[in-house]
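Asks: no letters, just coordinates:
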Ligand SMILES: O=C(O)CCC(=O)C(=O)O
Ligand SMILES: [Fe+2]
């Protein structure tokens with residue numbers, strides 16, 4: 001079936017009316033039970049300690065390894081960005097979604113492209129759509145940026161997003177090295193698989209209030225195709241949930257921390273020692289929620305696979321080596337499969 005575009009979620013219920021069927025899961029089918037879910041304790045990691053040669057530095061590397069090896073995520077603090085700067089990053093997203101529909105539509109994505117403003121791609125008639133509108137942008141490298149999708153309002157949008165990108169690019173490099181060190185392998189092992197054409201993409205996720213949280217999902221369960229994902233959560237409104245040991249948990253908000261999770265490509269490169277967690281977003285009937293996810297992706301022309309030093313008798317190779325994991329990801333995602341299973345041995 002050819003892809004079709006649908007009306008922004010934000011505009012669906014402005015004049016009242018019924019929740020459209022294509023957003024509705026059958027009772028219970030969205031997996032959201034009536035009972036509330038427990039909060040998970042997400043480890044907090046002090047980024048400034050990761051480069052320290054001290055005992056505290058060693059300890060932080062140990063925490064990093066155990067966080068990514070168990071729940072697959074952690075809250076990064078002391079990351080070098082001020083609270084007021086992160087508030088600005090959040091604000092540019094909020095202000096964009098608050099613009100009149102005509103203004104936002106100037107940046108609409110087109111059929112077959114994921115970049116730009118829009119909502120879930122309609123790829124099959126049976127698909128249940130996510131209750132969210134998005135603004136999806138390539139933010140690095142510069143020559144892959146498509147400025148026609150970058151809002152001109154608010155005025156500081158481009159400047160703020162560029163500065164955020166520069167900060168996260170440095171953090172990505174620091175983390176890839178720290179992850180390698182924490183696994184006692186040469187610090188450039190993961191970076192070497194990155195290549196020259198590595199990219200970063202940003203996705204502003206806007207979740208309008210939804211009258212039936214029991215029948216919808218903000219984002220259906222998935223793990224990320226990235227190597228590393230940086231999530232700037234909404235400071236005031238919860239919604240993210242994560243699977244650990246087969247159970248769903250709510251992810252707490254830590255204001256001005258960046259929630260960092262391993263994506264599938266780190267799980268693959270680390271031969272499964274670091275985990276790409278399955279997560280979803282639930283809706284709520286009262287408050288809108290805005291988050292910004294930034295995905296770091298290795299060069300699609302590079303071969304990605306488990307680092308040799310992490311393969312041995314006790315831990316045999318668990319994943320194939322491949323190029324362009326993102327393409328494999330979307331092919332399988334559309335078929336309703338967990339993409340990483342397609343590259344498991
Ligand atoms: O909005 C969130 O809390 C998470 C969004 C997410 O999982 C994604 O954009 O991949
Ligand atoms: Fe995600």
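Replies: Now that the structure is in, tell me what you want to look at. Given the structure is predicted, the values throughout are model-derived calculations rather than measurements. Ligands and ions are numbered 1, 2, ... in the order given.

Asks: remind me which residues of the stretch 101-250 of the chain are low pLDDT?
Replies: 123 (pLDDT under 70).

Asks: so which residues on it come close to ligand 1?
Replies: Residues of the stretch 101-250 of the chain lying near ligand 1 by CB under 6 Å from any ligand atom: 203, 205, 219, 224, 231, 239, 240. Every residue, glycine included, has its C-beta placed from N, CA and C.

Asks: what about the residues you listed, which are in strands?
Replies: Taking DSSP state E, the ones among these that sit in strands are 203, 205, 219, 231, 240.

Asks: in the stretch 151-300 of the chain, which spans are strands?
Replies: In the stretch 151-300 of the chain, the strands defined using DSSP state E, counting those that start in this stretch lie at 199-207, 219-222, 228-232, 240-244, 247-250, 258-262, 279-281, 289-297.

Asks: mind putting the ones you listed into JSON lines with distance to residue 335 and mean neighbour count?
Replies: Formatted as JSON lines, the strands of the stretch 151-300 of the chain follow (distance: least, CB to CB, whole Å; neighbours: other CB atoms under 10 Å):
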{"stretch": "strand 199-207", "distance to residue 335": "22", "mean neighbour count": "22"}
{"stretch": "strand 219-222", "distance to residue 335": "13", "mean neighbour count": "18"}
{"stretch": "strand 228-232", "distance to residue 335": "22", "mean neighbour count": "24"}
{"stretch": "strand 240-244", "distance to residue 335": "20", "mean neighbour count": "20"}
{"stretch": "strand 247-250", "distance to residue 335": "23", "mean neighbour count": "16"}
{"stretch": "strand 258-262", "distance to residue 335": "23", "mean neighbour count": "26"}
{"stretch": "strand 279-281", "distance to residue 335": "18", "mean neighbour count": "21"}
{"stretch": "strand 289-297", "distance to residue 335": "21", "mean neighbour count": "23"}
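
Asks: including distance to residue 57, could those strands go into TSV?
Replies: Below are the strands of the stretch 151-300 of the chain laid out as TSV (distance: least, CB to CB, whole Å):
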stretch	distance to residue 57
strand 199-207	26
strand 219-222	34
strand 228-232	20
strand 240-244	27
strand 247-250	29
strand 258-262	18
strand 279-281	29
strand 289-297	23
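
Asks: can you tell me the element residue 127 falls in?
Replies: Using DSSP states H and E, residue 127 maps to neither a helix nor a strand.

Asks: would you mind measuring from it to residue 210?
Replies: Using CB to CB, to the nearest Å, residue 127 is found at 17 Å from residue 210.

Asks: next, the contact list for residue 101, please.
Replies: 8, 11 (CB atoms under 8 Å, 6 or more residues apart in numbering).

Asks: I misspoke; the intended subject was residue 261.
Replies: Per CB under 8 Å, 6+ apart, neighbours of residue 261: 72, 73, 224, 228, 229, 231, 276, 277, 279.

Asks: can you pull the pLDDT of the nearest residue to it once chain neighbours are set aside?
Replies: Among residues not flanking residue 261 along the chain, residue 73 sits closest, at 3.9 Å (CB to CB, 6 or more residues apart in numbering). What the model reports for residue 73 is a pLDDT of 98.

Asks: shouldn't residue 73 be in contact with residue 242?
Replies: Yes: applying CB atoms under 8 Å as the test, residue 73 and residue 242 come out as touching, 6.8 Å apart.

Asks: shared neighbours, these two?
Replies: By CB under 8 Å, 6+ apart, the residues touching both residue 73 and residue 242 are 251, 277.

Asks: just to revisit the earlier point, widest-spaced pair of the ones in strands among the residues of the stretch 101-250 of the chain next to ligand 1?
Replies: 203 and 240 (13.6 Å; CB to CB).

Asks: hang on, the earlier thing: between residue 127 and residue 210, which one's more packed in?
Replies: Neighbours around residue 127 and residue 210, counted as other CB atoms under 10 Å, are more numerous at residue 210. The numbers are 24 against 15.

Asks: ramachandran coordinates for the nearest residue to residue 270 once chain neighbours are set aside?
Replies: Taking CB to CB, 6+ apart, and ignoring the residues beside it in sequence, residue 270 has residue 310 as its nearest neighbour in space, at 6.1 Å. For residue 310, the backbone dihedrals (degrees, to the nearest 10) come out as phi -100, psi 10.

Asks: ok, residue 310 - contacts?
Replies: 183, 185, 270, 271, 273.

Asks: didn't the third one look like it was pressed against residue 183?
Replies: Yes: using CB under 8 Å, residue 270 is in contact with residue 183, at 6.6 Å.
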